[in-house]
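Undergrad: I'll drop the sequence and a predicted model, then ask my questions.
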Amino acid sequence: MSEQQQAPRGTYDVLPGVAEHRARLVDGVAAPAFARAGYARIETPAFEHTELFARGVGESTEIVSKEMYTFTDQGERSLTLRPEGTAPVCRAYVEHGMHKLAQPVKLWYEGSFFRQEAPQAGRFRQFFQIGAEALGSDDPALDAEAIVLLARMLEAAGATGCRLRISSLGSSAERAAYSDQLKVYLRANEAALSADVRERIELNPLRAFDAKHEGTQAVMTDAPRLLSSISGEDRAHFDDVLALLTAAGVAYEIDDTLVRGLDYYTRTVFEFTSDRLGAQSGVGGGGRYDGLVELLGGPPTPGIGWAAGVERVLAVAEAAGAQPAAAAAADAYIALDAEADREAAFALACALRERGLAALIELGGRSLKGQLKQADRAGAKSLVILGGGRAAYDAAVKNMHTGEQRELNDLTKQDYIDRIAAELIA
RNA sequence: GUGGGCGUAGCUCAGCUGGUAGAGCUCCGCGUUGUGGUCGCGGCGGUCGCGGGUUCGAAUCCCGUCGCUCACCCCA
């Protein structure tokens, strides 16, 4: 076993059965929902220049400081497997001059992302996300639209019972001022904090709100809150988003301890969580990032987006009782023995498929009894039997449901496919 | 990186205080000299994660190591 090859730590194989589930989430639920809301699909590379994430995501984040898969290529360029999708989409927005299009530009994507973390329930090193980014407008309706989209998508996927927590981080200036205020508070209570939080007071004090450490939580109960210091336009923007969510019938909880891990967030931040998951309860989340495009060399451009974890959405759906779909049934199974004309049987299978029928042919060298079993497993509606003492192109067609079997005689090389197909369709 | 749990057939697992491996499911065949889904019988399949130690003898005890998993941290 130890010598056997296995998938790298934190990665996994999507096996048949599960693969269909995932495809249904992306192609059956997400794609149509995005299309109805005017979001266009975009695909960006699996790796980018390291600099994009260092600047876009932020040096102080856990992701950039220790979770990136970074490598140097043959041209001595530092590249990084994308750990998230917002910075790449913003890069593409700038690179392709999308700011000259009618605004806002609404984009969505699906794909794999990479972070070098210790894997655990719901957390992988290669994971899949469905994401949305809407750039070029700071209208609160854009925020609300994006949030409603995710809320409805989760329900459609069967991931019911998720909680939506929402808050506002205000402008970056307000956030900076608040950050200083919080640092002072944390230092004053340093003794009660966990070692992790203490070490991050300077780097990212907001993170303290997330800690599960008891002493830290006690301290944070009385900590100053960013939301209460937000006023003016930012406050009005937030209130507007809330009013629109209410109008759309989406329930939310205002949570002034909500912190998002990426540096670029401003104003609206939100997160959908589920108590059906393990420690990684976040199903999807995002927020507004009004300074990011400019930071990446583009014109001042507001934006909002979110990402949802495919594995987590599916996990919630499964825990909520969403049932797997039945395997696709075959229309016909072609059974043959050693004396059957192999070429005729093969040509028949190919021809039936070209006519739109799901046709399977025996490939395992089974006994006829075994072939019947296999046809049954494949859910075949009909069985076509060749050989067994019949003339070259003659065949029997058996209805697997009723057990009824009809012999087709005097078939020729010219008409056997048509006649067998006609019998199958009848 | 730190801590807990676990590593025995493809899958789920049993194997007590040491005597060199079992079950169910799956798969293949037979029972039906071609005809399935039930049932019965048989078969394929394991260097018991790996390495070392104790012992006449270890899947079973000891040490080490690797892997998986859950949690902290972080986040989708």
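TA: Yep, it's here.
Undergrad: need the helix or strand of chain A with the lowest average pLDDT.
TA: The weakest-scoring helix or strand in chain A, judged by mean pLDDT, DSSP states H and E, is helix A:195-199 (a mean of 84).
Undergrad: got the buried residues for that helix?
TA: A:197-198 (16 or more other Cβ atoms under 10 Å). Backbone N, C-alpha and C define where each C-beta goes, glycine included.
Undergrad: Quick one: mean pLDDT for stretch A:241-249?
TA: If you average the pLDDT over stretch A:241-249, you get 98.
Undergrad: can you map out the strands along the stretch 51-200 of chain A?
TA: Ranges of strands in the stretch 51-200 of chain A, per DSSP state E, counting those that start in this stretch, are A:69-72, A:78-81, A:105-114, A:126-135, A:163-168.
Undergrad: Of all the ones you listed, which one comes closest to RNA strand B?
TA: strand A:126-135 (3.5 Å; Cβ to the nearest atom of the strand).
Undergrad: That closest one vs RNA strand B: in contact?
TA: Yes - counting by Cβ under 7 Å from any atom of the strand, RNA strand B is contacted by strand A:126-135 at A:127, A:129.
Undergrad: Repeat that for stretch A:367-382.
TA: Yes - applying Cβ under 7 Å from any atom of the strand, one finds stretch A:367-382 in contact with RNA strand B at A:367-370, A:372-377.
Undergrad: could those be laid out in CSV, adding distance to A:Phe124, secondary structure and pLDDT?
TA: Shown next, in CSV, are those (distance: Cβ to Cβ, whole Å; DSSP: H, G, I helix; E, B strand; the rest coil; pLDDT from 0 to 100):
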residue, distance to A:Phe124, secondary structure, pLDDT
A:Ser367, 43, coil, 94
A:Leu368, 45, helix, 95
A:Lys369, 44, helix, 95
A:Gly370, 39, helix, 95
A:Leu372, 42, helix, 96
A:Lys373, 37, helix, 95
A:Gln374, 35, helix, 95
A:Ala375, 38, helix, 95
A:Asp376, 37, helix, 94
A:Arg377, 32, helix, 93
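Undergrad: Out of the residues you listed, which is nearest to A:Ala307?
TA: Ranked by distance to A:Ala307 (Cβ to Cβ), the residues of stretch A:367-382 next to RNA strand B are led by A:Arg377 at 39.0 Å.
Undergrad: quick one, helices of the stretch 251-400 of chain A?
TA: Assigned by DSSP state H, counting those that start in this stretch, the stretch 251-400 of chain A shows helices spanning A:292-295, A:310-319, A:342-354, A:368-377.
Undergrad: can I get these in JSON lines with mean neighbour count?
TA: Converted to JSON lines, these look like this (neighbours: other Cβ atoms under 10 Å):
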{"stretch": "helix A:292-295", "mean neighbour count": "21"}
{"stretch": "helix A:310-319", "mean neighbour count": "22"}
{"stretch": "helix A:342-354", "mean neighbour count": "16"}
{"stretch": "helix A:368-377", "mean neighbour count": "15"}
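Undergrad: can you list the residues that contact the helix or strand following the least confident helix or strand of chain A?
TA: Following helix A:195-199 in sequence order, the next helix or strand is helix A:214-221 (DSSP states H and E). Residues from elsewhere that reach helix A:214-221, judged by Cβ atoms under 8 Å, 6 or more residues apart in numbering: A:186, A:189, A:192-194, A:197, A:208-209, A:211, A:257.
Undergrad: Now rank those residues by neighbours and give me the top one.
TA: Using other Cβ atoms under 10 Å as the neighbour test, those are led by A:Ala208, with 27 neighbours.
Undergrad: what's the spacing between that one and A:Ala195?
TA: 12 Å (Cβ to Cβ, to the nearest Å).
Undergrad: I'd say A:His213 and A:Ser194 touch.
TA: Yes - using Cβ atoms under 8 Å, A:His213 is in contact with A:Ser194, at 3.6 Å.
Undergrad: Tell me the secondary structure at A:Asp410.
TA: Secondary structure, DSSP: H, G, I helix; E, B strand; the rest coil: A:Asp410 is coil.
Undergrad: which residues touch the closest residue to RNA strand B within the stretch 151-300 of chain A?
TA: Closest approach between the stretch 151-300 of chain A and RNA strand B, counting by Cβ to the nearest atom of the strand: A:Gly261, at 1.6 Å. Neighbouring residues of A:Gly261 by Cβ under 8 Å, 6+ apart: A:61-63, A:207.
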